[in-house]
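Asks: Build me a model:
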Amino acid sequence: TWFSTEDQVSQAPVAVLGAKIAAEMFPEGGAVGQMVKANHVWLEVVGVLGSRDIGKQEFEGIKLGLDAERLFMPIESGLARFRLPPMDDQIDQLSVQLASGQSPESAARVLQQLISDRHAEVDDFTLIVPAGLYRQ
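Replies: Residues are numbered from 1 along each chain as shown. Take a look at the predicted model:
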């Protein structure tokens, strides 16, 4: 599973693991329900990403397939649990999950406009929608 609305609202200490990191940490399987530690914070694994062979290592200068090596948690949980400096630095990457049936192209147009508005119409970001790279 992915994060629920309740996980986000309650700042739950939960995580979703990438396929590679889950296999390394739990070689016998069964990662869901286990506890993992990120820095000083214990998190319950609520899901594991499926393993995907996307056939390419890079797209438009962006390395692909790194999600398999990542731990994901709701941003609300991370902000509440980790001692982080205020977000003065730029955000390097943002991943978005669409609701079932939503068009990536339509979502990209909305995100493009939202980010553009937030950046005062300054063209200082790149939006990449690599949906066509993934095999279903």
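
Asks: now the lengthiest helix in the chain: mean pLDDT?
Replies: In the chain, assigned by DSSP state H, the helix with the most residues is helix 104-118. In this model, helix 104-118 carries a mean pLDDT of 85.

Asks: can you check stretch 20-32 too?
Replies: 92.

Asks: ok, and the closest non-adjacent residue to the residue nearest the centre of the chain?
Replies: Central residue of the chain (CA atoms, centre = their mean): residue 95, 4.8 Å from the mean position. Setting aside the residues directly before and after it, residue 95 is nearest to residue 67 in space (CB to CB, 6 or more residues apart in numbering), at 7.6 Å. For glycine as for every other residue, the C-beta is placed from the backbone atoms N, C-alpha and C.

Asks: So which bits of the helix or strand where residue 76 lies are buried?
Replies: Per DSSP states H and E, residue 76 falls inside helix 75-81. Across helix 75-81, burial judged by 16 or more other CB atoms under 10 Å covers 77-78, 81.

Asks: And stretch 9-21, by the same measure?
Replies: Buried-residue list, stretch 9-21, by 16+ other CB under 10 Å: 11-21.

Asks: Next, work out how far apart residue 83 and residue 73 are.
Replies: 15 Å (CB to CB, to the nearest Å).

Asks: show me where pLDDT drops low in this protein?
Replies: 52-65, 84-91, 130-136 (pLDDT under 70).

Asks: ok, 50 please
Replies: In the predicted model of the chain, residues 135-136 satisfy pLDDT under 50.

Asks: Now do the helices in it.
Replies: 5-9, 19-25, 75-81, 104-118.

Asks: hmm, back to that, now do the helix holding residue 76: which elements does it pack against?
Replies: In terms of contacts (3 or more CB pairs under 8 Å, 6 or more residues apart in numbering; DSSP states H and E), helix 75-81 is packed against helix 5-9.

Asks: Wait, residue 43 touches residue 15, no?
Replies: Yes. Residue 43 is in contact with residue 15 according to CB atoms under 8 Å; the separation is 4.1 Å.
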